[in-house]
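Student: just coords:
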């Protein structure tokens, strides 16, 4: 029996993206039923080579460029050449070409909705303010009008079930839980001086609040160090980050203008003493649970957590976090609270890990 050919398609995500490659791609390849092909952004120094997965790094461009505009047509060309049985795309930019391919060849279409793109555009700062409302409306119109041709939606957040009308009655929540595919071991913590901020570097993800907090704690405890790992999509954000840390030798930046290999991030998390998670209030991230929250929990990393009911509910069973207001705290009191807090009185189990999500994913694909 021949394998079902699956294409996992993205425009901006690298071909070794953790959700696409390490989670969805890996899980499908392990069934031996699917031939997995991933088309996406170019990735450098791929350290994890997974068998039975073909990578096609088709894109390499600036965030705002002509090549990004024509990227969907490059993807369509790949569809035509490879003739997939199933397409799983994870960006609104591929809706039209994917639906067109389905109309021509009858493939199965799944939309892996990883973000609320409408809110990201409208309330974020990725585009000029004068165009945000128009672009956001255009994206939501595409998502709504294409719903008849989408066979299933994988949605990365539980709150999206309330936010998205277009996914009703044919969606499954597939959360971004931790997959220890790199075999990283937990490292026993010996203090709380090695801080880490990982993931996307942006105003909406709290990088500047994290830097300010680390500076405040460093005045109390001079041995504190902060490691920042991730990429800033906007040059203006990266310039501001570099300016904020240029006179602080104890703050290091890994990535910045380039993508950081996920295995390096996970390794750094396992060796850190304290993880910082703070998303300033913004409708673009409202209700979202950061992927790094599951990564920190699975590796039993103590967390400094911005007050957020959803996040606190996830952390509270394990006593995994000290919950604070990142913009209003007393550094001395906070440092004392961190040191007297008993972290991980209960250890996280399979509920924070990927295999349970993989079962749902494979069941849906087998069904459609």
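Tutor: That came in fine, so what should we check first? Keep in mind it's a predicted model, so treat the numbers as computed, not measured. Numbering: from 1, shown residues only.

Student: can you map out the helices along the protein?
Tutor: Using DSSP state H, the helices of the chain run over residues 26-30, 66-82, 95-105, 117-123, 129-145, 160-163, 207-220, 235-245, 262-271, 291-298, 309-315, 331-340, 355-367.

Student: helices or strands up against the fourth one?
Tutor: Meaning helix 117-123. Taking 3 or more C-beta pairs under 8 Å, 6 or more residues apart in numbering; DSSP states H and E as contact, the helices and strands that helix 117-123 lies on are helix 129-145. From N, CA and C alone the C-beta is placed, and that goes for glycine too.

Student: the first one now?
Tutor: For helix 26-30, the packing partners by 3+ C-beta pairs under 8 Å, 6+ apart come out as strand 34-41, helix 355-367.

Student: pick the most buried one from these.
Tutor: Mean neighbours per residue, mean count of other C-beta atoms under 10 Å, is largest over the helices and strands packed on helix 26-30 for strand 34-41, with a mean of 23.

Student: ok, residues contacting it?
Tutor: 3-15, 17, 20-21, 25, 28-29, 52-60, 75, 78, 82, 84, 86, 259, 365 (C-beta atoms under 8 Å, 6 or more residues apart in numbering).

Student: returning to what we had before: distance to residue 244 and mean pLDDT added to the helices and strands packed on helix 26-30, as TSV?
Tutor: Listed next are those as TSV, based on distance: least, C-beta to C-beta, whole Å; pLDDT from 0 to 100:
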stretch	distance to residue 244	mean pLDDT
strand 34-41	27	95
helix 355-367	36	95
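
Student: let me have the ones you listed in JSON lines, extended by distance to residue 347.
Tutor: Listed next are the helices and strands packed on helix 26-30 as JSON lines, based on distance: least, C-beta to C-beta, whole Å:
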{"stretch": "strand 34-41", "distance to residue 347": "33"}
{"stretch": "helix 355-367", "distance to residue 347": "17"}
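
Student: run through the stretch 201-350 of the chain and note the low-pLDDT ranges.
Tutor: Regions of the stretch 201-350 of the chain meeting the criterion pLDDT under 70 are absent.

Student: repeat that with 90
Tutor: Screening the stretch 201-350 of the chain residue by residue with the criterion pLDDT under 90, one finds the ranges 233-234, 257-259, 280-288.

Student: circling back to that earlier point, out of the contacts of strand 34-41, which end up buried?
Tutor: 4-15, 17, 20-21, 25, 28-29, 53, 55, 57-59, 75, 78, 84, 86, 259, 365 (16 or more other C-beta atoms under 10 Å).

Student: quick one: pLDDT of the nearest residue to residue 354 once chain neighbours are set aside?
Tutor: Counting by C-beta to C-beta, 6 or more residues apart in numbering, residue 179 is the residue found nearest to residue 354 once chain neighbours are left out, at 3.6 Å. If you check residue 179, the pLDDT there is 96.

Student: test my guess that residue 179 contacts residue 25.
Tutor: No: Residue 179 is beyond contact range of residue 25, at 10.9 Å (criterion: C-beta atoms under 8 Å).

Student: so the residue sitting nearest the centre point of the chain versus residue 71, what's the distance?
Tutor: Nearest residue to the geometric centre of the chain (C-alpha atoms, centre = their mean): residue 291, 5.5 Å. Shown here: residue 291 relative to residue 71, a distance of 24 Å by C-beta to C-beta, to the nearest Å.

Student: for residue 307, same thing?
Tutor: Counting by C-beta to C-beta, the gap from residue 307 to residue 71 is 39 Å.

Student: which of these two has more neighbours?
Tutor: Neighbour count, other C-beta atoms under 10 Å: between residue 307 and residue 71, residue 71 has more, with 23 against 11.

Student: who are the contact partners of the closest residue to the more buried one other than its chain neighbours?
Tutor: Nearest residue to residue 71, sequence neighbours excluded (C-beta to C-beta, 6+ apart): residue 11, at 4.8 Å. Residues near residue 11 by C-beta under 8 Å, 6+ apart: 40-41, 59, 68, 71-72, 75, 91, 93-94.

Student: my read is that residue 161 contacts residue 173, right?
Tutor: Yes: here residue 161 lies in contact with residue 173, judged by C-beta under 8 Å, at a distance of 6.8 Å.

Student: which neighbours do the two share?
Tutor: residue 155.

Student: for residue 306, give the beta-bridge partners.
Tutor: residue 324 (DSSP bridges).

Student: in this structure it contacts residue 275, no?
Tutor: No: look at residue 306 against residue 275 with C-beta under 8 Å: they stay out of range, at 11.9 Å.

Student: give the partner strands of the top strand by length along the chain in its sheet and their orientations.
Tutor: For the chain, the longest strand by residue count, based on DSSP state E, is strand 4-14. Applying DSSP bridges to the sheet, strand 4-14 is found paired with strand 34-41 (parallel), strand 86-89 (parallel).

Student: for residue 336, find the nearest of those.
Tutor: strand 34-41 (44.5 Å; C-beta to C-beta).

Student: run the chain-centre distance for that closest one.
Tutor: Remark: strand 34-41 is offset 18 Å from the chain centroid, using C-alpha atoms, centre = their mean, to the nearest Å.

Student: quick one: that strand to helix 66-82, angle?
Tutor: 160 degrees (axes from the mean of the first three to the mean of the last three C-alpha atoms, to 10 degrees).

Student: dump the residue contacts of the spatially closest residue to residue 84 that is not a sequence neighbour.
Tutor: Spatial nearest neighbour of residue 84, excluding adjacent residues (C-beta to C-beta, 6+ apart): residue 7 at 4.1 Å. Contact partners of residue 7, counting by C-beta under 8 Å, 6+ apart, are 37-39, 78-79, 82, 84, 86-88.
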